[in-house]
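# Any chance you can model this:
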Amino acid sequence: MELQSPWRDSESSNWLLALSLPTLSWATPFRPLMGLPDKLLEHPEVWTSIYTQAANEHETRLRLRDWEIGVDGARGNLMREVVTKALLQLAEQMGHSVAVDLERWVLFHFFCEEAEAAMRMWGVVLRYAYLPEDSRRGRKKVPPPPALMPLLPEIWDLVNYERRREIRDALMRSAPPPAYEQAPCEKLEHCYEATLISWAFNQALTLKALQTIVNRLNKTECQEIVAWAEVQLKTMDSRHGPANAQKLCGDKYLQVEFPCTNMPSVL
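All right, here's what the predicted structure looks like:
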């Protein structure tokens with residue numbers, strides 16, 4: 001994954017927001033859809049305890065001004081210290097791989113524009129595989145590779161837009177309003193965390209579809225699917241298709257695990 005610095009002052013606050021999502025009781029039914037590490041799903045109370053300590057520490061240090069006020073990058077450095085400590089505690093209690101997976105989960109869903117664009121394009125192209133050829137949009141359908149055809153029924157629930165909308169509607173019905181008092185010009189009905197969860201499960205479902213494909217097919221067949229996806233995007237939109245095809249990033253995201261990042265882990 002190609003990342004800019006996730007520890008910039010302007011973006012670092014997203015870490016605690018993202019890491020809070022597995023701890024939200026109202027979001028419990030939606031946790032399995034978010035692509036979180038399995039052990040974290042089995043024992044959410046472990047991370048909830050660690051996260052609560054981390055959030056309190058961050059708030060306390062900000063209040064006591066226990067950081068380099070006025071120095072560019074200081075807020076990001078403070079957040080990095082707090083997050084690193086929390087992930088190290090998670091590694092001690094649940095294993096190093098769980099902490100690494102949680103770190104990559106945050107980076108993938110909330111800090112990587114490349115991954116976001118790739119998941120969006122893969123979702124579009126996989127849904128195109130289901131279009132009837134005699135439909136209006138189906139006229140631009142490129143026949144999927146034979147190797148993909150037996151998998152289409154299996155991944156339908158993962159890429160089906162209507163199912164995703166139903167999940168999002170249920171999520172928004174469960175979500176509380178924003179915790180802060182809104183200005184008169186604001187009209188948010190749901191907390192920002194609900195938007196982040198929606199973002200995460202949409203990307204996670206597409207990634208799971210890609211993981212299903214790579215688990216069931218060999219390397220040559222996967223390369224055929226990448227080639228088909230690129231041609232399909234170019235055929236759909238002659239103007240933007242070539243650029244959209246590049247956003248797939250070849251087979252980078254056609255992997256069993258999260259791709260490695262271009263930045264060192266904090267662990």
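
# What does the pLDDT read for residue 186?
The score at residue 186 is 59. That number is its pLDDT.

# same deal with residue 3?
Note for residue 3: predicted pLDDT of 76.

# Hmm, residue 108 and it touching each other?
No - using CB atoms under 8 Å, residue 3 is not in contact with residue 108, being 9.6 Å away. All C-beta spots, glycine's among them, are computed from the backbone N, C-alpha and C.

# Same drill for these two, tell me which one is more crowded.
The residue with more neighbours, out of residue 3 and residue 108, is residue 108; 24 against 15, by other CB atoms under 10 Å.

# check contacts around that one.
1, 115, 203, 207, 258-259 (CB atoms under 8 Å, 6 or more residues apart in numbering).

# and residue 176, what element?
Counting by DSSP states H and E, there is no helix or strand that carries residue 176.

# what number of residues lie near it?
When counting by other CB under 10 Å, one arrives at 11 neighbours for residue 176.

# Just list what whichever strand or helix holds residue 227 packs against, helices and strands only.
Remark: residue 227 resides in helix 219-236, with elements defined by DSSP H and E. Applying 3 or more CB pairs under 8 Å, 6 or more residues apart in numbering; DSSP states H and E, we find helix 219-236 packed against helix 113-128, helix 192-216, helix 241-247.

# export those helices to JSON lines and tack on mean neighbour count and distance to residue 86?
Shown next, in JSON lines, are the helices and strands packed on helix 219-236 (neighbours: other CB atoms under 10 Å; distance: least, CB to CB, whole Å):
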{"stretch": "helix 113-128", "mean neighbour count": "20", "distance to residue 86": "23"}
{"stretch": "helix 192-216", "mean neighbour count": "20", "distance to residue 86": "18"}
{"stretch": "helix 241-247", "mean neighbour count": "17", "distance to residue 86": "33"}
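
# Quick one: closest of these to residue 83.
Of all these, it is helix 192-216 that lies closest to residue 83, at 16.2 Å by CB to CB.

# what's in contact with the closest one?
Here helix 192-216 makes contact (CB under 8 Å, 6+ apart) with 17-18, 20-21, 24, 27, 30, 33-35, 108-110, 115-116, 119-120, 122-123, 126, 148, 151, 154-155, 158-159, 164, 167-168, 171-172, 175, 178, 222, 225, 253-256.

# switch to 6 Å and redo it
The contact list for helix 192-216 (CB atoms under 6 Å, 6 or more residues apart in numbering) reads 21, 27, 30, 33-35, 109, 119, 122-123, 151, 155, 158-159, 168, 171, 175, 222, 253-254, 256.

# List only those of the residues you listed flagged as buried.
21, 27, 30, 33-35, 109, 119, 122-123, 151, 155, 158-159, 168, 171, 175, 222, 253-254 (16 or more other CB atoms under 10 Å).

# Now, the residues you listed that are in helices?
Of the buried ones among the contacts of helix 192-216, the ones assigned to helices by DSSP state H are 109, 119, 122-123, 155, 158-159, 168, 171, 222.

# could I get those residues as JSON lines with distance to residue 88 and pLDDT?
JSON lines is the format used below for those (distance: CB to CB, whole Å; pLDDT from 0 to 100):
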{"residue": "109", "distance to residue 88": "21", "pLDDT": "95"}
{"residue": "119", "distance to residue 88": "29", "pLDDT": "97"}
{"residue": "122", "distance to residue 88": "33", "pLDDT": "97"}
{"residue": "123", "distance to residue 88": "35", "pLDDT": "96"}
{"residue": "155", "distance to residue 88": "36", "pLDDT": "95"}
{"residue": "158", "distance to residue 88": "33", "pLDDT": "96"}
{"residue": "159", "distance to residue 88": "37", "pLDDT": "96"}
{"residue": "168", "distance to residue 88": "34", "pLDDT": "97"}
{"residue": "171", "distance to residue 88": "31", "pLDDT": "97"}
{"residue": "222", "distance to residue 88": "36", "pLDDT": "96"}
